[in-house]
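>>> What shape does this take:
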Amino acid sequence: MVASRSLVALVAVVLSAHSVAAVSKNMEDAQLVAVPPPSQSGSASSPRFVESTVMESCSVYISGASPVTRSGTCKHTSICASENKESVPGHCSGGTENQCCVAPIECVAKPSPSGWRAPGWCTEPSNCKTGNHQSSSYGADGCNQLKGSVKCCVGAGAGANDDDNEREDGHDDEDETERSDRLFGYNKWIWNKLRQMWEESQNSDGYARADAVPTCPASRQLTAACKENYGNSAGCDVKREPYSTCPTNCRVNIKKITFGETDIRWVCDSEKTGPTRGYTQSSASDPTRGTPPAITRATILDRAVRWINERVRYSQRRMHGNRAYRTDCTGFVSMAFDLPQWGTTSFVRGALNRGSAEKTIERVACKGMLPGDSLVSEGHIVLFRRWIEHSTCKMEWWEARGTAWGAVKGEFEFDNCGSMSNTATDGQVKGRGKFWCLKRKEIVA
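Residues are numbered from 1 along each chain as shown. Coordinates of the predicted model:
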């Protein structure tokens, strides 16, 4: 019920933001249409708006070697936006806000040669003026058949190269083809937010969610950080303090993430407020390898979400928290599990290979993962949060992602979902490689 009220409230905000007025008068399916007013002594005046169930037809011609004509209807730009369609000017009467509303031809492209591919739509460059957008042909796919001057219209803020998935051996797993999480334009955000709120009202599981805008004291906000990775051959392998001592080649600008209309361009510097949590030892008989205390899935996620909601910086040399853990991927997941912290992901994979002899973690079927489980690869480990779409193996996970990102949430899916058996304990994640699925032992609820 609360989610439904929020949904109604957001719809009201959307309508107010676009200045759309509607009067029902018991008319079903009425739509707002711009029509020209009667001429007065040959002088023009601003358009008026009336309710009508009859829409003026229009068409948009896209030139090129393979011309395309797109049919649509003349509508006010705010109504067209609410339908998640594209408004094209110059094809309708009734004022500048009454434009031809057509379904977009979807495409993906890079906003710049150094960026990664982001979603957009095919149109003439002159029509690509919605919000922070620009026409691009870099790595474009979807507009090729149109040729001519048509390009993919994508958000200019979509990202650039990063040091995503920094491995513990000092190398980087960079993924040029990964989709940008950048939402392009206000109307697109509104549409996605409405859908998200609907999904949450239907599928809320009661566990902690990472949907809030991250918060951090201004004194700890870093817009750039020094890469501090064990074994990095370029000299980026030690803790640097202050930042001015960081070599130029180790300096990393923080990536922007967007929450609604709020852009976060910082990570929160780590803050060690208590003793360091000891490391899990290699000896199977060591007390750190013994049966861990019982824990609930809610507790695992409550512990993890604190780092996500602060966007704690990534470092393989720094500690964070009252019972401090290292602020890299293994530190993040062992912190969430409330275990003595793991040193490397290779140690985690080795523990999984011990089978029933291992008392701390165990393999699980990937398709059967529950909130608070985990996935580990050769160089990275993440915390599973939820299924976004179980039938396509699309999931949300939380991770300490890399120097440019810090602790963030992400959306990924298994590439081989259709052929993956229900009992498989590993799978290929699109753009991220092979992962093994696991859970902490002694989870009681």
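
>>> do you know how far the closest residue to residue 315 other than its chain neighbours is from residue 336?
Distances taken as Cβ to Cβ, 6 or more residues apart in numbering put residue 228 closest to residue 315, at 4.5 Å, once the chain neighbours are dropped. C-beta coordinates here come from the backbone N, C-alpha and C atoms, glycine included. Remark: distance between residue 228 and residue 336 (Cβ to Cβ, to the nearest Å) = 21 Å.

>>> The residue nearest to residue 315 should be in a strand, yeah?
No. Applying DSSP: H, G, I helix; E, B strand; the rest coil, one finds residue 228 to be coil, outside a strand.

>>> Look at it and say how many residues are nearby.
23 (other Cβ atoms under 10 Å).

>>> From residue 369, how far off is it?
Distance from residue 228 to residue 369, by Cβ to Cβ: 31 Å.

>>> quick revisit: tell me the pLDDT at the residue nearest to residue 315?
Per-residue confidence at residue 228 stands at 97 (pLDDT).

>>> now swap in residue 145 and tell me
pLDDT, read off for residue 145, is 57.

>>> And residue 284, by the same measure?
84.

>>> Just say helix, strand or coil for residue 333.
Going by three-state DSSP: residue 333 is helix.

>>> count of neighbours near the spatially closest residue to it that is not a sequence neighbour?
Among residues not flanking residue 333 along the chain, residue 381 sits closest, at 5.1 Å (Cβ to Cβ, 6+ apart). By the criterion of other Cβ under 10 Å, residue 381 has 26 neighbours.

>>> Now for residue 381: which residues touch it?
329, 330, 332, 333, 345, 348, 374, 375, 399 (Cβ atoms under 8 Å, 6 or more residues apart in numbering).

>>> From residue 421, how far off is the fourth one?
As defined by Cβ to Cβ, residue 333 lies at a distance of 25 Å from residue 421.

>>> and if you look at residue 265?
Using Cβ to Cβ, we find residue 265 at a distance of 43 Å from residue 421.

>>> If you count surrounding residues, which of these two has more?
Using other Cβ under 10 Å as the criterion, residue 265 and residue 421 rank with residue 265 on top: 14 against 10.

>>> Determine the number of other residues adjacent to the closest residue to the more buried one other than its chain neighbours.
Take residue 265 and drop its neighbours on the chain: the residue closest to it by Cβ to Cβ, 6+ apart is residue 256, 4.9 Å away. Using other Cβ under 10 Å, residue 256 has 15 other residues around it.

>>> So which residues of this protein form helices?
With DSSP state H, the ranges of helices along the chain come out as 2-17, 77-82, 186-203, 297-310, 329-337, 345-352.

>>> returning to what we had before: got the contact list for the residue nearest to residue 315?
236, 237, 238, 239, 240, 250, 315, 316, 317, 318, 403.

>>> Can you give me the neighbour number for the first one?
Around residue 236 there are 23 other residues, counting by other Cβ under 10 Å.

>>> can you check the fourth one too?
The number of residues packed near residue 239 is 12, by other Cβ under 10 Å.

>>> Help me confirm that it comes into contact with residue 319.
No. Distance between residue 239 and residue 319: 10.3 Å, which falls outside the contact criterion (Cβ atoms under 8 Å).

>>> low-scoring pLDDT stretches of the stretch 201-350 of the chain, where are they?
Within the stretch 201-350 of the chain, the ranges that satisfy pLDDT under 70 run 201-203.

>>> can you pull out the strands in it?
221-222, 224-226, 251-253, 257-259, 262-264, 267-268, 319-320, 325-326 (DSSP state E, counting those that start in this stretch).

>>> Flag every buried residue along stretch 288-298.
289, 292, 295, 297 (16 or more other Cβ atoms under 10 Å).

>>> For the second one, give me its contacts.
Going back to what we said before, that points to residue 292. Going by Cβ under 8 Å, 6+ apart, residue 292 touches 337, 338, 339, 359, 360, 440, 441, 442.

>>> Buried subset of the residues you listed, written for ChimeraX?
Buried residues among the contacts of residue 292 (16+ other Cβ under 10 Å), as a ChimeraX selection:
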select :337,338,339,360,440,441
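
>>> backbone phi and psi for the residue lying closest to residue 286 once chain neighbours are set aside, please?
Closest residue in space to residue 286, ignoring its immediate chain neighbours: residue 280 at 7.9 Å, by Cβ to Cβ, 6+ apart. Dihedral pair for residue 280: phi -70, psi 130, per degrees, to the nearest 10.

>>> how long is stretch 58-70 from one end to the other?
Taking Cα to Cα, to the nearest Å, the first and last residues of stretch 58-70 lie 9 Å apart.

>>> same check, this time on stretch 61-81
20 Å.

>>> what do you get for stretch 371-378?
Stretch 371-378: ends 22 Å apart by Cα to Cα.

>>> Likewise for stretch 419-434?
Taking Cα to Cα, stretch 419-434 runs 15 Å from one end to the other.

>>> buried ones in it?
In stretch 419-434, counting by 16+ other Cβ under 10 Å, buried: 420, 425, 426, 427, 429, 430, 431, 432.

>>> same check, this time on stretch 90-104
Neighbour counts over stretch 90-104 (16+ other Cβ under 10 Å) mark 91, 92, 94, 95, 97, 98, 99, 100, 101, 102 as buried.

>>> Same question for stretch 300-315.
For stretch 300-315, the neighbour count (16+ other Cβ under 10 Å) marks 300-301, 303-305, 307-315 as buried.
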